[in-house]
Each structure stands twice: as C-alpha cells, then as structure tokens.
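Novice: Generate a structure from the sequence data that follows.
(one chain, ligands or ions: 2)
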Amino acid sequence: MVNDQAVKTQKKKFETETKQVLELFAKWLYQNREIFLRELVSNASDANDKLKMLALKDESLFAGDADLKIWVQYNKEANTLSVRDNGIGMSLEDVIENLGTIAKSGTKQFIEKLSQEQSSDANGQLIGQFGVGFYSSLCVSEKVEVRTLKAGLPKDQGVFWSSNGVDDYEVAPMELQSRGTEIVMYLKEDAKEFLDEFRLRKIITTYSDHIAYPIVMFVEKTLEGETDKDQKPRKEIQEEVVNQANAIWTVPKKEIKDEEYQAFYKHVSHDFNLPLAWTHNKVEGGKLEYTSLLYIPTEAPFDLWNREYKHGLKLYVQRVFILDDAKNLLPTYLRFVKGVVDSNDLPLNVSREVLQNSQTVDMIRSGCVKRVLDLLGYLAEHEADKYQKFWDAFGAVLKEGPAEDFANKDKIAGLLRFTSTKCDSEKQTLSLDQYIERMAKDQDKIYYVIADGYDSAKNSPHLELFSEKGIEVLLLSDRVDEWLVSRLTEYQGKSLVSVARGELDSNMKLDEKSEEDLKKTEADFEDILKRIKESLSDRVKDVRVSKRLTSSASCIVADDDEMSANLRRMLIDSGQSVPEMKPILELNLKHALLQRLKSEMQDDKFADISHILLDQAILSEGGSLDNPSAFVKRMNDLVS
Ligand code: ADP
Ligand code: MG
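Specialist: Ligands and ions are numbered 1, 2, ... in the order given. Below you'll find the model as predicted:
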C-alpha cells in the first residue's frame, strides 16, 4: 500500500536568497538568539490580528472560537519548544510563498551590501534593519516543523512543513483539528537553555509584554494544602498567562516604562535597534477620538528608498487591527515613522479606498504630522546629539517635506540641516536659523550652490566672489536638494538663491572703483566677447562678463527662470526627456586665457580657446562633455 502522505510530500529547495539570508543569520544571530521567540510571537500576534480583522466581515471564520491566544510550550524530554496561535493560519500556497522565499523587495541589494561589509558589527546593524522573522527559528533548531490550518478551510487542508534550515524543506498536506499555526523547534544541543520556564518568561516579558493577546505557558504549580499519595505536595500543570496582554497604547503614559515602549517598538518595527524617540498621545473629548504611538527609528532601514517601501504605521479601529502600511496616515516624507494609530471614529470595516477619502483620516493625519514634527523640533532644541543622529539617517527624506506638505513648510524648513562653505565637513549640521543668525546685516538672501557631489559643490567656481567677500553659501549635493530648493524658495522672509543663477544681487555689488574698472575692461573686451559668442553660437545662449569669478576663467549660469544644469543631468539620468537648453557663459576678464584671446588673431585658434573656456566651465560644474576628445585635442594644441 502506498502511503498517501508520502506521495503528496514535496521536497523544495530554498531560493538562493533565502539560503544566503539563512547563512548570514546563523552566523550573526548567535549572540542574539533569544529574539527568535520574539519573532515567532510577533508572527502569531499578526496572525491573530489578521483573523480578527477578516472576521469583522465574516464571523464564521472564528468557527465558534473567538478567544485568540498564543501558546508557548516546552518539552524537556523531546527537546522541543513550540509556539502556537489560533489565528489566520496558512494554506499550502501561503506556506510555500511565506516559508520558502523572502518576499521583501530589495533583498538582493541587501544581501550584496551585507556581504561587502567587513565587520560583523556593521552586519548586525544591517540584519537588524532587515527584520529576521520566521527564519530565526532555524538558528536555534536542528529541525523546525510547522503545522497550520487556514481559517475557513476544511480540516484536511492542513499543511505540514519541515526543514533543517540548510538546503531544502518539505511540505505536505495534513489533517488538522483546529485552525491556526504551530511552530515546533527541535532545539540544537547548545540551545537547550530555552527549555526553561524562567528563561522563557523573561524573554516573553522583555519583548512581548504588550502584545495584545494572552501568551499562555504551561507551568507546573504546587497545589496549596494538597498532597499526593506519598504525602508530597501535589503538583499540576496549569495554563498561565505570562504577559500583560494589553495593547500598550491603551495604557496611560505614566504607567509605561521606557523599556516597555522600546520592546513594543521592536514588535511593530521588526527593528533590532532601540527607537531614537517616541511620542504617545491620546486625543479625546473633541470631534475626534484616537490614540497614536509614533516612533522614530535610530537607523534607516535598508529599503527606505525603494519605491515599494512599506510605511510603518499600523491602523487599529477600536483596538482591532485593520491594516499595516497605512500610507494615508502620514505623508511620504515621514515614511520612516513606525507605530500605531487607534481610532474610535472609523468604521470597523474601513478599507484602503475609504481611507483615501476620509475626512477623519485627514484630521488624524495632520494630528500625527504635528506630533512628529513637534517631537523632532523638541529633539533639535533639547537633544542635539539625538537630532543629529536622526538627521544623518533620515534628513534626506525630510527634505522631501517642503514640497509635499505646504502647510508645514516653515516648520519643516526649520528642521533642515545643511553643510556650507563655513562648515568644515560634509556633515550636515547647520540650520537655516543659524545661517541667518550669522549672516552680515546687509545680506538679505540665503545663498546656495547645488552640485552632484560635496566636492564639486565645494569647489564650484561660482563660489569665488562669495568666498572673497566672506559670504556663507550652503553646499547642496543630495539628490533631493534640487527638488527641495524648487519648492522652498524662502525662509523667514529671506529668499533662497542659487549662486549660479541670474544676475548677482545688491549686496554682492562691487564697490565704485571696481565697478568703474570693470566697465573699462568690458569696453576693452567688447569685440572679443562678440567673437566668442559667434564661435560658440551653437552651444551657448549668451556670453557675458562675470562678476562672480575671481580665479577661474569661466563658469556657466542659468537664467532665473531656467532649470539648473544639475537638475537637467538628474532628469536625463532618470530617463526623462528634457528640452534642449543652452547655458549662459560667464567670463573672468582678468584671467590669463582671456588676455591671451585678446592677442589671438587666428580665427581657428580663437574658436578653440572659446570652446575650451566653455568646456572647462561645464567640467568644473560637475557636468560631462559631449565630445571629450575634442576638448583634449584643443587643450593639447593650446599647451604646445
Ligand atoms: P514578516 O513577519 O516580517 O512578514 P516573517 O519571516 O516573520 O516575516 O514571516 C513571513 C510570513 O510568514 C509572514 O508574513 C506570514 O505571512 C507568514 N507567517 C509566519 N508566521 C505565521 C503564523 N504564525 N501564522 C500565519 N502566517 C504566518
Ligand atoms: Mg514576522
């Protein structure tokens, strides 16, 4: 007789990525092994949440058992530890998808990054950001078995999954009596420490105290005053709830310890690191009633810049989990925030579509934004080190703010940090308020230069006159900066102005004598400028005398209403088509090359030098030449 079960058993290889992640975890998790329990409990809690949510629409899914729990049980004889829930469960397809692959976007890049990092410390940080999840159970086990039955499916559609965490896993159908998932770990020899009631209690209260479901352990209790037949105190195995089992955000602030907030953060965020800061607020009595518990992480997650990045806010309605990745509750520029919003005003059957057009959601959202910005403002003012940490991790994201959130533009602008010609490193530490505070009385603008890297910004020829006059210029080189300055055009009544744009302003004017000198030289050069313009007529819109250059020969500038060269390059890089645009070439008449042009009679030589002036200006701005070999040839001719 053929064993039906054996026939249906499938052996499957782990995906390469899964295998790589498993190997990395095995190495790194060694010192942090206990978190496997947190991860499994967290999954069980998610599974209960999901069932509760679905049962709002279809109560039959509960099948008479709406008392959702999580059980943790150990067995010293069998060397096993198990975590069980009566939540949503998994179908065969679910199991193959969830326990054989790593669905997270960006996993490939993440693994590449991990294998490049040398120190294991750095790896720890990175893995922490990744969230280890179910696979961490394999790190403490010789073998892991999963038995699971999805809510609503018949008993014979249960699934058995088993793996030793090396190359492959087995899945097979299995008859199961009740819905939910059980994970059984056959512990490794060196992981037997986890077969201990007190150790397990400690881990659970440390990491999972405020999981909203009771975590039940089977413990041996001595029965008071009762004895067995040998007159010894009678003992009995009893179920005991070992966690507080209340949703932390419903507890009054005063009663919550920092450690409890931190532990809950790890549960919602799957992050290993402690949160940098949090804000916990109850709004009630007015038009709205909701609670928010919002965290700012310490480290940026590896996939922060992925298009499909999951937002970290979970929405609950009257303590029932509704959805995670609640994008409508916070704007994109605050996508790094993790936490929970629990509303009493939304219907329990609220869908993503409804969320999009809900006034209640809009009001909650602006409340949450205010909380986060206030928290950041507080850190900036009172905990500068922490704020700097925040800025280093998420500053580039916050810079999207002024464009996305007009109403809070000024508040966000006050939180921005930059580096400048007067800061001595690339590190962004300068606020706009500080900039304004230290500028000269007659300066009425905030100046910036924008380039594709810190070095090219710092060495931009556009800065020459500014350095000479001691005027501070912000050095912008994050990708998002173009976007930022296109929307943030003024702060505290001072306009933000590019040093590479248009004509210079009043406080940059030359003194009378220099002005006169310049006029004279300009007259001298009138013909020359005309000739240069003719030679370059295909490539430039205008040629004019520069007031901003003191040592370089030339630079290019954009008109006030035109796209900067840097923005053009960014758009082209990202595959967009941009209209043809010719720059304005500005020349430093005192430079030797210009003097040389004055005496150059030969037309072709003259044209060569004109092109060199333009090419140099493009290069020093961080641009690239359409025809670099022509430039090299002209340079060589000039030198020889
Ligand atoms: P994450 O929880 O971050 O999604 P995990 O590795 O912890 O990653 O889990 C992978 C997936 O496996 C989960 O998203 C879920 O779909 C499924 N899963 C894990 N544990 C359970 C469980 N106890 N009940 C139902 N599904 C589960
Ligand atoms: Mg998980």
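Novice: Could you find the closest non-adjacent residue to residue 522?
Specialist: If you skip the residues right next to it in sequence, residue 522 has residue 545 as its closest partner in space, 5.3 Å away by Cβ to Cβ, 6 or more residues apart in numbering. C-beta here means a position set from N, CA and C on the backbone, and glycine is covered the same way.
Novice: Repeat that for residue 427.
Specialist: Excluding its sequence neighbours, the residue lying closest to residue 427 (Cβ to Cβ, 6+ apart) is residue 419, at 6.3 Å.
Novice: still on that earlier bit, report the contact partners of the residue nearest to residue 522.
Specialist: Taking Cβ atoms under 8 Å, 6 or more residues apart in numbering, we find residue 545 in contact with 518, 521, 522, 525, 529, 586, 587, 589.
Novice: how many neighbours does residue 634 have?
Specialist: Other residues lying near residue 634 total 18 when counted by other Cβ atoms under 10 Å.
Novice: In the helix or strand hosting it, which residues are buried?
Specialist: Using DSSP states H and E, residue 634 sits in helix 628-639. Applying a neighbour-count criterion of 16 or more other Cβ atoms under 10 Å, the buried positions in helix 628-639 are 631, 634.
Novice: Also stretch 133-142?
Specialist: By 16+ other Cβ under 10 Å, the buried positions in stretch 133-142 come out as 133, 134, 135, 136, 137, 138, 139, 140, 141.
Novice: any chance of the residues you listed in a markdown table, with distance to ligand 2, secondary structure and pLDDT too?
Specialist: Formatted as a markdown table, the buried residues of stretch 133-142 follow (distance: Cβ to the ion, whole Å; DSSP: H, G, I helix; E, B strand; the rest coil; pLDDT from 0 to 100):
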| residue | distance to ligand 2 | secondary structure | pLDDT |
| --- | --- | --- | --- |
| 133 | 4 | helix | 80 |
| 134 | 6 | helix | 89 |
| 135 | 10 | helix | 85 |
| 136 | 9 | helix | 86 |
| 137 | 11 | helix | 91 |
| 138 | 14 | helix | 89 |
| 139 | 14 | helix | 87 |
| 140 | 16 | coil | 92 |
| 141 | 17 | strand | 94 |
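Novice: Let me know the closest of those residues to ligand 1.
Specialist: Among the buried residues of stretch 133-142, residue 133 lies closest to ligand 1 (Cβ to the nearest ligand atom), at 2.4 Å.
Novice: which helices and strands sit right next to the helix holding residue 634?
Specialist: The contact analysis (3 or more Cβ pairs under 8 Å, 6 or more residues apart in numbering; DSSP states H and E) places helix 628-639 against helix 603-620.
Novice: buried set for the helix it packs on?
Specialist: Of the residues in helix 603-620, those scored as buried under the neighbour-count criterion (16+ other Cβ under 10 Å) are 606-618, 620.
Novice: For the stretch 51-200 of the chain, which residues are neighbours of ligand 1?
Specialist: Applying the criterion Cβ under 6 Å from any ligand atom, the portion of the stretch 51-200 of the chain that neighbours ligand 1 consists of 85, 87, 88, 89, 90, 98, 131, 133, 134, 135, 181.
Novice: Name the residues that touch the helix or strand where the residue nearest to residue 427 lies?
Specialist: Using DSSP H and E, residue 419 sits within strand 419-420. Contacts of strand 419-420 with the rest of the structure, by Cβ under 8 Å, 6+ apart, involve 425, 426, 427, 428, 429, 430, 435, 454, 472, 473, 474, 475.
Novice: mind putting those residues in CSV, pLDDT, distance to ligand 2 and neighbour count included?
Specialist: As requested, those are arranged in CSV below (pLDDT from 0 to 100; distance: Cβ to the ion, whole Å; neighbours: other Cβ atoms under 10 Å):
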residue, pLDDT, distance to ligand 2, neighbour count
425, 95, 39, 8
426, 95, 37, 13
427, 97, 35, 13
428, 98, 34, 24
429, 97, 37, 16
430, 98, 40, 19
435, 97, 44, 22
454, 94, 39, 17
472, 96, 48, 21
473, 96, 48, 23
474, 97, 42, 26
475, 97, 42, 28
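Novice: Among those, which one lies nearest to ligand 1?
Specialist: Taking Cβ to the nearest ligand atom as the measure, ligand 1 lies nearest residue 428 of those, at 31.9 Å.
Novice: hang on, the closest one packs against residue 391?
Specialist: Yes. Under the contact definition of Cβ atoms under 8 Å, residue 428 touches residue 391, with a separation of 6.3 Å.
Novice: Mutual contacts of these two, please.
Specialist: With contacts taken as Cβ under 8 Å, 6+ apart, residue 428 and residue 391 have residue 417 as neighbours in common.
Novice: so who does residue 214 touch?
Specialist: Residues counted as contacts of residue 214 (Cβ under 8 Å, 6+ apart) are 69, 70, 241, 243, 245.
Novice: so what's the fourth one up against?
Specialist: Contacts here follow Cβ under 8 Å, 6+ apart; on that basis residue 243 touches 204, 205, 208, 209, 210, 211, 214, 215.
Novice: How about residue 140: what's its closest non-neighbour residue?
Specialist: Counting by Cβ to Cβ, 6+ apart, the nearest residue to residue 140 once its immediate chain neighbours are dropped is residue 191, at 4.1 Å.
Novice: List the contacts of that neighbour.
Specialist: Under the criterion of Cβ under 8 Å, 6+ apart, the contact partners of residue 191 comprise 33, 140, 141.
Novice: All set now, cheers.
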